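K.L.:
no sequence for this one, just the structure:
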């Protein structure tokens, strides 16, 4: 009953197999091999346009490189207060962009409130140097709260980005989970809405280490090659990432895995809502659930072998949690079994 | 006949197999799994003391993080002029350490000349702010010229490092190749000589992606955790590196692979010296050879399927190469076959 | 009736005269002249201990260098939300310290709330790399709200700094104004309380350009010399700052000027409180007043030649300002005349 | 007999007087005052086109900001090996541009050899990420060797800059000294040749602290405002620099002062060439002379009160200096008197 994080799982067997296949034989290094090119082509097909693809080691690197490509002195990156770039990356975005600032914007359920976003941007009018200047907007899909922006919600953020001429980045660490929820195409959820840069994560959804930064404007790629290399993110045997993506994207495996993870979360949510001892803190749209449990219940679940994390209670929720209750996060993945889910529900 | 680089090979089957084994099951993320800890323990045994181990994505990252841990404003890192940090890392060491400077030192055969090293360090006396200040020394073992520092040569550099109280880093992208040449223990080639930080490379010697920064002073580890995370180099499913190292280090595989690569280079060198159409530019001690060929011969070899790189002629060699000759680099690896070597020799 | 800012005034005649005196004759450059040394000695006397003094171009530079000397990867600097470092320095502190983060702490009247400060620091427990790590605390005296921390209030902050082993910096852009309000010695307001680094500002109090970073731990000075030079802040003809400070500090001029500015603010406050058309938003302790005026009144005052700034209404004040009222900042300086003050009061 | 450096002199009386005049009265801060604008206008007239002017604290800051405006990841700035940016700025250019690299180019008499320059640039072909990429060229006028580039020599460097689409910066710490030597207009020596950015120094030529970064492409100014503020280089009472420049530029004082300094150097050179005990190391064109003296003679001169610096012997000169001789630098300034010059000559 491991619900701690989707990065506790290993790799999907098909992906491991693809790596083994790529083991033998020579290939040119630093992202120039046939397999690297094949994956870039596949991604261009999937996104229905030419894209520039940069494999990197981690989602943190993808996010930070994306933002550093928009770098401006005294720059502000507008993000949700709970965004990974703001709370979980140890200053990487600031380091990569030489001291730019993550400027948090509040909003319910992990989503940027567009009214507040515009108000925050307007705090930094052009030419008033003291406060710095707007530099980029980044949104997370699916969000850190497990929710999913609708296409219309993305449109609103993108409209603001265009209005202020700011590049718009999407942190897609759980891109596939959001995509299958919305049941739209990758293009519809990204560049057709106005997304300029995408952190396209495969690691949480069944790969070992498969993260890519995708640029929809391929003219920006030439400088990104230097930015990536300069940050120690250019793999020599780049094939080992390409091989993972090749299996991941081939035959729609990535969507199947995300559907499985979401399905497990859905079943878990159903069971929790039907139980006496647990309830959902808010509705989720992906493979992350936020659950309110009596602290006693949580303890007993852990004794029975369930693994999951305490979560800080957002102030918007403060009134609706009793003193003997806690907030907990449950994450499912491609590896989550029905048995684990049913066992957890039964124990609630 | 692929002699372009040791990073054109794939992974050794035993290493691929180890990855497959680690595919299933859950494990805690971010370097805290049992397998991660096992590898750290193995490395402590191999180095005969407690070491702090940091897996990273690339050798460039390992080198840059090592140097950034010694960071000083206006700092100079003294390195060989042909060192990877100086010519092949796109400013990563400078970026990671916020604008420190690689200050090149000349020396024959890829090795730092200790007399010149000391003279360079003395150009920056304490308190004279205009020129900046010494910050670290980095040496490469085996060197970029394929040669290997003897233990005595390392001692001399380490003596200078201690004299000026500078941390001493070793770029061990081809650590194993040097080690089997000297036939000493890892401890004897590093901390027993005075090495403080080591970039321990496994990728060029049979792994997919297995690079570790090793700190011999474990007290320095607490800040390195933050430096690594901040640069987007902390893998979530860190197991996938641990699994490679586990197989690589287990049963001495890493030394066997290095011995094979060096042996292939040795045989290639023998054959070249015995041939009419080729000669060695200088004696090598590892898996890299630098060969002088008639340009015609090089062209014919390439037509027969040999792959290798042109190399810039160092000025020390300028007089001994004819106008119709060129300098070429040949690199062997764990994957190089006897057949390829013999075929190349025959073609010379 | 110029109440816009204390940096709209010129220089005090005695300070200008001192500059003229230093005009002729040679002196060694880069802060090594006799006059430079004299000022450092004077400051050591004034602070009752050996201090290391670094002249810099601006308060922003003094603050940023102070914080960069405490630099840590993923570092958080805790400051008041309205602090100059947080809202008015265009990312300079982040730039100087390579991407550290200003982490704002709320508190009434421009002062850090110690309970919130401690809670914020505890969000970053040692070893949890994702969120980064505490790095320094900075407080402003007098604050941006015109208030002054009492000695006891400084003690409380300093106690927290010691508890978490964090260096404590004081932004003293208006140091003299706070000092004469508390009527204590410079030592009592700084290192005797636990302040480690001080931005000692003279510009706002009658100099042209006289800012110094003062280190109470002189052992830290050796690296600061490099940090300052590296940021282009080491003046060649450093005498021109020394000459200003020499006159500023000599005979207690600096305290007289601050007493004048504070006195003018006090008289202005009295007049405003007695008036019908204006009231103080909160009590001040220095040369800055925050005043609530009917917007009509403000407009009329401006038409009569008064110059002052609109100020954003803090949310704590939201309920107590009517729709037809605004918040305005009035700043007095050494150059403010009684006539201007009386004229302004009369016009209210 | 102070010939150590032109920054050992104080300020010219006319400049001091202008500062005193600006002492009283209010003016808006941060470079927006009438006097600031007047100086910008004067500089636009002097340069015969609209220029954007940024006052900064030091020449190091002007150079570093200029280069940081051209910043590229893995960027190389090509400069003369003895350039101030390369040997005397403690890594400031690297710090401001986040780890770019100063790549030295050799050339006789302090001037960049254009053939070598082009060869160096070609070492970094587009798209080959490992070595980084060209980013800017910077040249010094007058050079650190006291020589002056002719207009034709500037043309050649500018031609290379255009060919590789690199911005061309001129470090004009001794701009006036070069200008009066060439007897051309400021426009002819800069943008008419292809200079894009100019560090325009007044400090060494009679001001206290008057350095300006001048952009000939005013469209680049908007980002420079943020770059300057972010580095703590935006003066609040900016008038105090404007007042210096106002006097400096008014009535051609700056050219008169440079002519005086150069004239003194010329007379000194004549005297030295005619003397028995001293000779010029190479011909100079500005206010810096490099002189070969017997070490005994140097010692005696110092005993008689002459102050000047030892200078490192460039390797090109190695053969022409005897063991009992040394190389010394003599610098004249606006404050150098005929008496000092004659006294020095007599003592030789």
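P.N.:
Yep, that arrived. Being a predicted model, the structure only gives us computed values, none of them experimental. Residues are numbered from 1 along each chain as shown, chains lettered A, B, ... in the order given.
K.L.:
residue ranges with poor pLDDT in the stretch 201-348 of chain A?
P.N.:
The model of the stretch 201-348 of chain A has no residue with pLDDT under 70.
K.L.:
got the residues of it near chain B?
P.N.:
With C-beta under 8 Å from any C-beta of the partner chain as the criterion, the stretch 201-348 of chain A meets chain B at residues A:203-204, A:208-209, A:226, A:229-237, A:239-240, A:335. Placement of C-beta: from N, CA and C, glycine included.
K.L.:
strands of the stretch 151-300 of chain A, residue ranges please.
P.N.:
A:168-172, A:197-201, A:211-215, A:278-280, A:288-294 (DSSP state E, counting those that start in this stretch).
K.L.:
the last one packs against which elements?
P.N.:
Right, the one you point to is strand A:288-294. Packing partners of strand A:288-294 (3 or more C-beta pairs under 8 Å, 6 or more residues apart in numbering or on different chains; DSSP states H and E): helix A:253-274, strand A:278-280, strand A:325-331.
K.L.:
okay, the angle between the last one and strand A:288-294?
P.N.:
For the pair strand A:325-331 and strand A:288-294, the angle between their directions (axes from the mean of the first three to the mean of the last three C-alpha atoms, to 10 degrees) equals 150 degrees.
K.L.:
which residues does the closest residue to residue A:214 other than its chain neighbours form a beta bridge with?
P.N.:
Nearest residue to residue A:214, sequence neighbours excluded (C-beta to C-beta, 6 or more residues apart in numbering or on different chains): residue A:198, at 4.4 Å. Taking DSSP bridges as the rule, residue A:198 bridges to residue A:170, residue A:214.
K.L.:
pretty sure residue A:198 contacts residue A:190?
P.N.:
Yes - contact criterion C-beta atoms under 8 Å: residue A:198 and residue A:190 qualify, at 5.7 Å.
K.L.:
intersection of neighbour lists for these two?
P.N.:
Common contact partners of residue A:198 and residue A:190 (C-beta atoms under 8 Å, 6 or more residues apart in numbering or on different chains): A:170, A:216.
K.L.:
identify the residues contacting the residue of the stretch 51-200 of chain A found nearest chain B.
P.N.:
Nearest residue of the stretch 51-200 of chain A to chain B, counting by C-beta to the nearest C-beta: residue A:61, 3.1 Å away. By C-beta under 8 Å, 6+ apart, the contact set of residue A:61 is A:92, A:211, A:213, A:231, A:233, B:231-233.
K.L.:
helix or strand right after the helix or strand hosting it?
P.N.:
Taking DSSP states H and E as the criterion, residue A:61 maps to helix A:59-68. Proceeding C-terminally, helix A:59-68 gives way to strand A:75-80 as the next helix or strand, assigned by DSSP H and E.
K.L.:
please enumerate residues in contact with that next one?
P.N.:
A:67, A:70, A:85-86, A:93, A:97, A:100-107, A:110-112, A:117, A:120-121, A:124, A:132-140, A:143-144, A:166, C:91.
K.L.:
what about residue A:102, which SS state?
P.N.:
Counting by DSSP: H, G, I helix; E, B strand; the rest coil, the backbone at residue A:102 sits in strand.
K.L.:
can you tell me the closest non-neighbouring residue to it?
P.N.:
residue A:86 is the one closest to residue A:102 (C-beta to C-beta, 6+ apart), at 4.7 Å.
K.L.:
count the residues that sit near that neighbour.
P.N.:
Applying other C-beta atoms under 10 Å in any protein chain shown, we find 21 other residues in the vicinity of residue A:86.
K.L.:
residues from chain A in reach of chain C?
P.N.:
A:73-75, A:87-91, A:94-102, A:129-132.
K.L.:
just the buried residues from these, in ChimeraX please.
P.N.:
Only the buried entries of those go into this ChimeraX selection, using 16 or more other C-beta atoms under 10 Å in any protein chain shown:
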select /A:73,74,75,87,88,89,90,91,94,95,96,97,98,99,100,101,102,129,131,132
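K.L.:
let's see which of the residues of chain A next to chain C end up in helices.
P.N.:
Of those, the ones assigned to helices by DSSP state H are A:87, A:94-96.
K.L.:
domains of chain A?
P.N.:
Using automatic domain parsing, the domain ranges for chain A come out as A:13-252, A:254-347.
K.L.:
most packed of those domains?
P.N.:
Mean neighbour count, computed with mean count of other C-beta atoms under 10 Å in any protein chain shown, is highest for domain A:13-252 among the domains of chain A, reaching a mean of 22.
K.L.:
tell me how far that one lies from the chain's centre.
P.N.:
Averaging C-alpha positions (C-alpha atoms, centre = their mean, to the nearest Å) puts domain A:13-252 8 Å from its chain's average.
K.L.:
okay, how far is it across it, tip to tip?
P.N.:
15 Å (C-alpha to C-alpha, to the nearest Å).
K.L.:
check stretch A:210-222 too.
P.N.:
22 Å.
K.L.:
look up how far chain D lies from the residue of the stretch 51-200 of chain A closest to chain B.
P.N.:
14 Å (C-beta to the nearest C-beta, to the nearest Å).
K.L.:
can you add distance to residue B:180 and give the contacts of residue A:61 back as CSV?
P.N.:
Formatted as CSV, the contacts of residue A:61 follow (distance: C-beta to C-beta, whole Å):
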residue, distance to residue B:180
A:92, 38
A:211, 35
A:213, 38
A:231, 32
A:233, 30
B:231, 31
B:232, 33
B:233, 28
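K.L.:
which of those residues lies closest to residue A:155?
P.N.:
For the contacts of residue A:61, the closest approach to residue A:155 (C-beta to C-beta) belongs to residue A:213, at 23.1 Å.
K.L.:
show me what contacts the closest one?
P.N.:
So residue A:213 contacts A:53-54, A:56, A:61-62, A:65-66, A:197-200, A:224, A:228 (C-beta under 8 Å, 6+ apart).
K.L.:
need the nearest residue in space to residue A:104, chain neighbours excluded.
P.N.:
Here the residue nearest residue A:104, using C-beta to C-beta, 6+ apart, is residue A:81, at 3.8 Å.
K.L.:
same question for residue A:220.
P.N.:
residue A:69 is the one closest to residue A:220 (C-beta to C-beta, 6+ apart), at 6.3 Å.
K.L.:
residue A:161 too?
P.N.:
According to C-beta to C-beta, 6+ apart, the nearest residue to residue A:161 is residue A:168 (4.0 Å).
K.L.:
same check on residue A:70?
P.N.:
Leaving aside its chain neighbours, residue A:70 sits nearest to residue A:136 (4.2 Å; criterion: C-beta to C-beta, 6+ apart).
K.L.:
I am finished for the moment; much appreciated.
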